[in-house]
Each structure stands twice: as C-alpha cells, then as structure tokens.
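Trainee: next one to model:
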Amino acid sequence: MRHLILLRHAKAEPSSPDGDFGRALAPRGVRQARRFAQWLAEQTFTPDLVIASAARRTRETATLATASLTLPPLRIDERDLYNADGSEILAVARHAPPATTSLMLVGHNPGMAELASRLTGGGDALARKAMLRQFPTCACAVLAFDIGDWSALGPAGGRLLAFITPRGLDSSEIDD
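Mentor: So this is what the prediction gives:
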C-alpha cells in the first residue's frame with residue numbers, strides 16, 4: 001500500500017517585493033501549517049519523501065507541516081511544481097523512488113485539486129464531495145494506492161482516505 005499526500009500550501013501574504021514566487025506565509029498560514037503538522041504526526045503513516053514547489057510559501061508550508069514528525073522525511077524542493085497543472089504534478093509523483101511508500105507533494109492550486117480529483121476512484125464519498133467543491137489553502141487529500149511502483153499512478157486508481165481542511169482538522173479522522 002502506498003500513500004500519496006497532496007497538500008496545498010498554507011495561506012500566503014498577498015504580495016512580495018520578490019513577486020509571486022517569493023510570497024511568504026501569512027500569520028494565518030503559519031497557524032494552518034502548524035495545526036496540519038499536529039494532525040500528520042497523529043496518523044499511522046508519515047511521508048518518507050516530501051517534494052515541494054520551490055516557491056517560498058510552499059517551502060515554508062513543507063517545513064512547518066513536517067516539524068512534528070519523529071523522523072523528518074527527505075525533502076526535495078522542485079521548481080517544476082511551481083504553478084504546475086495536474087499532469088505536471090503527476091509526472092513528478094511518478095518519478096518518486098520505488099522505496100518511497102508514503103509521498104507528500106506540496107504545491108499550488110488549481111493543479112493540486114485537479115490531480116486529487118483525477119486520481120480518486122473510490123473511498124470516502126463525503127470527503128470526495130467536499131474536495132470537489134473546494135480545495136482551500138492548507139487543504140490535504142490523502143489517497144491510498146495498491147500499486148508496486150509510483151510509475152503506475154493513474155486516473156481513478158486511488159482510494160480517498162481523507163480530505164482535510166484547516167476548518168475540519170479538529171474533527172477529522174483517517175482509517176486505513
């Protein structure tokens with residue numbers, strides 16, 4: 001069983017002197033990412049590898065989101081994830097090392113929402129409905145795949161275990 005964790009970056013500042021790529025997390029985004037980190041640390045799986053967009057807000061989200069883990073995962077900052085569409089994000093995921101059993105991607109919308117929708121073929125129906133309605137900042141879709149290698153990721157091949165938003169974190173549960 002492989003887990004794919006698709007995390008949209010937390011709430012960012014509206015602008016930066018360094019342009020969109022350099023936008024930092026807003027104070028609200030820092031709180032969102034820290035709360036997500038607590039949730040992630042409580043799960044039965046943790047990412048072996050985190051691949052984050054190289055934009056500042058996604059790097060900051062990835063750092064905060066994994067801060068509560070006992071064993072910090074390997075992390076790669078990937079320029080190709082910056083404002084990538086679902087197909088481009090999927091291509092990055094398909095190249096994850098075979099030894100990785102739990103992969104977390106940290107990126108931007110609309111690509112993260114698009115990929116989560118495309119990969120979900122079953123699982124929690126209520127969570128899927130919520131995910132299709134809105135994929136807000138610091139939202140996370142957790143999918144399980146019964147595949148031997150990341151290169152086998154394909155449309156509707158995943159089972160949605162959870163769709164987590166900052167608002168719903170306190171009442172969220174995941175089972176696998």
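Trainee: contacts for the lengthiest helix in the chain?
Mentor: As assigned by DSSP state H, the longest helix anywhere in the chain is helix 27-41. Contacts to helix 27-41, defined as C-beta atoms under 8 Å, 6 or more residues apart in numbering, come from residues 5, 7, 9-12, 25, 46, 57, 60-61, 64-70, 137-138, 140, 164, 166, 169, 172. For glycine as for every other residue, the C-beta is placed from the backbone atoms N, C-alpha and C.
Trainee: stretch 138-145 now?
Mentor: Contacts of stretch 138-145 (C-beta under 8 Å, 6+ apart): 1-11, 29, 32-33, 36, 61, 112-113, 116, 119-120, 123, 131, 135, 152-153, 157-166, 174, 176.
Trainee: give me that answer again for 6 Å
Mentor: Residues outside stretch 138-145 that contact it (C-beta atoms under 6 Å, 6 or more residues apart in numbering) are 1-8, 10, 32, 36, 116, 119, 131, 157-166, 176.
Trainee: and stretch 18-25, by the same measure?
Mentor: In contact with stretch 18-25 (C-beta under 6 Å, 6+ apart) are residues 10, 12-13, 16, 55-57, 60.
Trainee: next structured bit after the stretch of helix or strand residue 112 belongs to?
Mentor: Assigned by DSSP states H and E, residue 112 belongs to helix 111-119. Moving toward the C-terminus from helix 111-119, the next helix or strand (DSSP H and E) is strand 120-123.
Trainee: tell me the helix or strand right after that following strand.
Mentor: helix 125-133.
Trainee: ok, and what's touching that next one?
Mentor: Outside helix 125-133, the residues touching it (C-beta under 6 Å, 6+ apart) are 116, 120, 141, 160, 163.
Trainee: in TSV: these, plus pLDDT and distance to residue 51.
Mentor: Below are the contacts of helix 125-133 laid out as TSV (pLDDT from 0 to 100; distance: C-beta to C-beta, whole Å):
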residue	pLDDT	distance to residue 51
116	98	15
120	97	20
141	98	15
160	97	20
163	96	20
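Trainee: reformat these as a markdown table; add distance to residue 99.
Mentor: Formatted as a markdown table, those follow (distance: C-beta to C-beta, whole Å):
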| residue | distance to residue 99 |
| --- | --- |
| 116 | 24 |
| 120 | 25 |
| 141 | 23 |
| 160 | 24 |
| 163 | 27 |
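Trainee: if anything else comes up later, I'll come back, but that's it for now.
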